[in-house]
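**Student:** Quick check, what structure comes out for this input:
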Amino acid sequence: MSTARLTAIAERKALLATRAQVDRARLTLAAHQIGSVLHPAPDPVRRAATRPTAAMIVAFAAPFIGMHRFARWVRFGSLALTAYRVASHWRGNR
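**Tutor:** Next comes the predicted model:
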């Protein structure tokens with residue numbers, strides 16, 4: 001192969017490697033943005049009031065309706081709240 005052809009191939013490889021790095025950086029940024037939507041920064045005052053309330057609900061509901069059924073409802077509620085957060089954030093950015 002000629003030197004010009006080898007140089008063109010080397011430049012093409014360098015360009016593809018750079019594009020791959022940019023794509024990885026974009027993917028990392030998108031994953032971070034999704035994470036910030038799903039897990040917003042905690043508010044210390046709200047957290048201090050929420051934890052005892054959640055503990056009281058678990059202490060009452062789990063033995064009353066059964067741990068397996070309670071875990072299923074908590075899982076469903078968690079998924080529903082996550083979907084709500086994603087939808088409200090998505091609609092807010094439009």
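
**Student:** From here on, just use CA atoms for contacts and neighbour counts.
**Tutor:** Noted.

**Student:** my read: residue 61 touches residue 69, true?
**Tutor:** No: the pair residue 61 / residue 69 is not scored as a contact, 9.8 Å apart, by C-alpha atoms under 8 Å.

**Student:** ok, residue 82 to residue 43 distance?
**Tutor:** Between residue 82 and residue 43 the computed distance is 18 Å (C-alpha to C-alpha, to the nearest Å).

**Student:** More neighbours: those two, which one.
**Tutor:** Higher neighbour count among residue 82 and residue 43: residue 82, with 15 against 8, using other C-alpha atoms under 10 Å.

**Student:** Could you check the pLDDT of that one?
**Tutor:** Note on residue 82: pLDDT of 88.

**Student:** And it, how close does it get to residue 76?
**Tutor:** As for residue 82, its distance to residue 76 is 10 Å (criterion: C-alpha to C-alpha).

**Student:** now do residue 9
**Tutor:** Separation of residue 9 from residue 76 (C-alpha to C-alpha) stands at 53 Å.

**Student:** now do residue 2
**Tutor:** Separation of residue 2 from residue 76 (C-alpha to C-alpha) stands at 64 Å.

**Student:** quick one: which of the two has more around it?
**Tutor:** Comparing residue 2 with residue 76 by other C-alpha under 10 Å, the one with more neighbours is residue 76, at 12 against 6.

**Student:** got the domain boundaries for the chain?
**Tutor:** The chain is divided into the following domains under automatic domain parsing: 1-39, 43-94.
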